[in-house]
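Student: Quick one, structure for this:
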Amino acid sequence: MSDSETGPAEVRRAAPASDGHGEGAPRVEVLPARDVPLGGPRAMTVRRTLPQRSRSLIGAWCFADHYGPDDVTATGGMDVAPHPHTGLQTVSWLFTGEIEHRDSLGSHAFVRPGELNLMTGGHGISHTEVSTPRTTVLHGAQLWVALPEEHRHAERDFQHYVPEPVRVDGALVRVFLGTLCGDTSPVRTFTPLLGAELVLDPNASLTVAVDSGFEHGVLVDQGSIRLGDTAVRRAELGYVGPGRDTVTLTNTSGEPARLLLLGGPPFNEEIVMWWNFIGRSHEDIAQARQDWENASDRFGEVHGYPGDRLPAPELPHTRLRPRGRMR
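Tutor: Model (predicted):
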């Protein structure tokens, strides 16, 4: 997915609240979503929780868009022309619908509910994303992971994985990255990560063991969730810092609730993130933009898309500044 925002994000609410685990325990911070239209007269609107001014990263997770359920006859669905990426991995996860993926590595794959597509755009890659004609309702999440300095020029790569659902007390869990509830994903990442979908039964409460060195985020897709004692509403992202070895999630409604649990050790490098590029300096971004505009071999070519590629926006008149995690 291409990022249509090139300016810094504004915060609507990010006040920390007690998580109910006593004095000195990590606190829950609730990050609100903001609506971002993705191009065209019938722009598809996504709800973005990362990045924002109060928090740029959760582990190496640096970007989180949540969208749908959208009636594609009204919104036009997803049709993202060839566009570039550097310094990151894209993580595509659907709840309903189907998206066709093509990239300059030569990959041609489909994103379907419960199936992970992970693309590595280190030194440079380009791709397209188009919802298929048989899709009537499109609903999912698009996530990005920042690559660490030693791997940010990694070769292009594409991985597809279908996790087996794991039944635990009161929940169905699909682990697409890392380890949770005794299940481990084989998908390769460049920093330790956790990524899982959890569907909680009506009124269920689930306590899961997590790595105490990780910070975690809970992105709510549907239902009413409590993270510890803090309510996290639909499309919001609940954040807890390192220092806990369990996370308690409660569905406070009489209907199933669904969420994504994301995590990773604090990413202590500063990054510069602009449009679809991640670098370490203004010069990194300016060079990537120039390479894309000049149709450099750096990004390769996507075959099979019936249209022109996306032009890069103009760079701002001020220098792009690096940002890192909140301490």
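Student: can we go C-alpha only for contacts and neighbour counts from here?
Tutor: Fine.
Student: Name the residues linked to the residue nearest to Val111 when sequence neighbours are not counted by a beta bridge.
Tutor: Using CA to CA, 6 or more residues apart in numbering and skipping residues adjacent in sequence, the residue nearest Val111 is Ile99, 5.0 Å away. On the basis of DSSP bridges, Ile99 is bridged to Val111, Ser131.
Student: There's contact between Ile99 and Arg112 in this structure, I believe.
Tutor: Yes: here Ile99 lies in contact with Arg112, judged by CA atoms under 8 Å, at a distance of 6.9 Å.
Student: what about those two, which has more around it?
Tutor: Neighbour tally, Ile99 and Arg112, criterion other CA atoms under 10 Å: the higher count belongs to Ile99, 25 against 19.
Student: any chance you could map the helices in the stretch 201-327 of the chain?
Tutor: Taking DSSP state H, counting those that start in this stretch, the helices of the stretch 201-327 of the chain run over residues 282-293.
Student: Sketch out the low-pLDDT regions of it for me.
Tutor: By pLDDT under 70, the weakly predicted segments of the stretch 201-327 of the chain are 325-327.
Student: Helix or strand: which one has the most centrally placed residue in the chain?
Tutor: Centroid check for the chain by CA atoms, centre = their mean gives Leu143 as the closest residue, at 1.5 Å. Using DSSP states H and E, Leu143 sits within strand 137-146.
Student: Can you give the strand pairings for that strand, parallel or anti for each?
Tutor: strand 61-71 (antiparallel), strand 88-96 (antiparallel).
Student: Serialize the ones you listed to TSV and add fields for mean neighbour count, distance to Ala257 and mean pLDDT.
Tutor: Shown next, in TSV, are the strands paired with strand 137-146 (neighbours: other CA atoms under 10 Å; distance: least, CA to CA, whole Å; pLDDT from 0 to 100):
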stretch	mean neighbour count	distance to Ala257	mean pLDDT
strand 61-71	21	15	96
strand 88-96	23	13	98
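Student: Output these as JSON lines; include the columns distance to Val199.
Tutor: What follows is these, written out as JSON lines (distance: least, CA to CA, whole Å):
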{"stretch": "strand 61-71", "distance to Val199": "16"}
{"stretch": "strand 88-96", "distance to Val199": "11"}
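Student: just so I know, which of those strands lies nearest Pro133?
Tutor: Between Pro133 and the strands paired with strand 137-146, the shortest gap by CA to CA is with strand 61-71, which sits at 12.4 Å.
Student: Determine how far the closest one lies from the middle of the whole chain.
Tutor: How far strand 61-71 lies from its chain's middle: 8 Å, per CA atoms, centre = their mean, to the nearest Å.
Student: What of stretch 245-256?
Tutor: Relative to its parent chain, stretch 245-256 has a centroid offset of 21 Å by CA atoms, centre = their mean.
Student: still on that earlier bit, looking at the strands paired with strand 137-146, which is nearest to Ala288?
Tutor: Across those, closest to Ala288 is strand 88-96 (CA to CA), at 13.1 Å.
Student: In PDB, list the C-alpha atoms belonging to that closest one.
Tutor: Included here for strand 88-96 are C-alpha records, laid out as PDB according to Å, rounded to 0.1, in the frame of the first residue of the first chain:
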ATOM      1  CA  LEU A  88      11.200  -1.900   5.200                       C
ATOM      2  CA  GLN A  89       9.000  -5.000   5.000                       C
ATOM      3  CA  THR A  90       5.300  -4.800   4.200                       C
ATOM      4  CA  VAL A  91       2.900  -7.100   6.000                       C
ATOM      5  CA  SER A  92      -0.500  -7.700   4.400                       C
ATOM      6  CA  TRP A  93      -3.300  -9.300   6.400                       C
ATOM      7  CA  LEU A  94      -6.900  -9.600   5.400                       C
ATOM      8  CA  PHE A  95     -10.200 -10.400   7.200                       C
ATOM      9  CA  THR A  96     -12.400 -10.500   4.100                       C
END
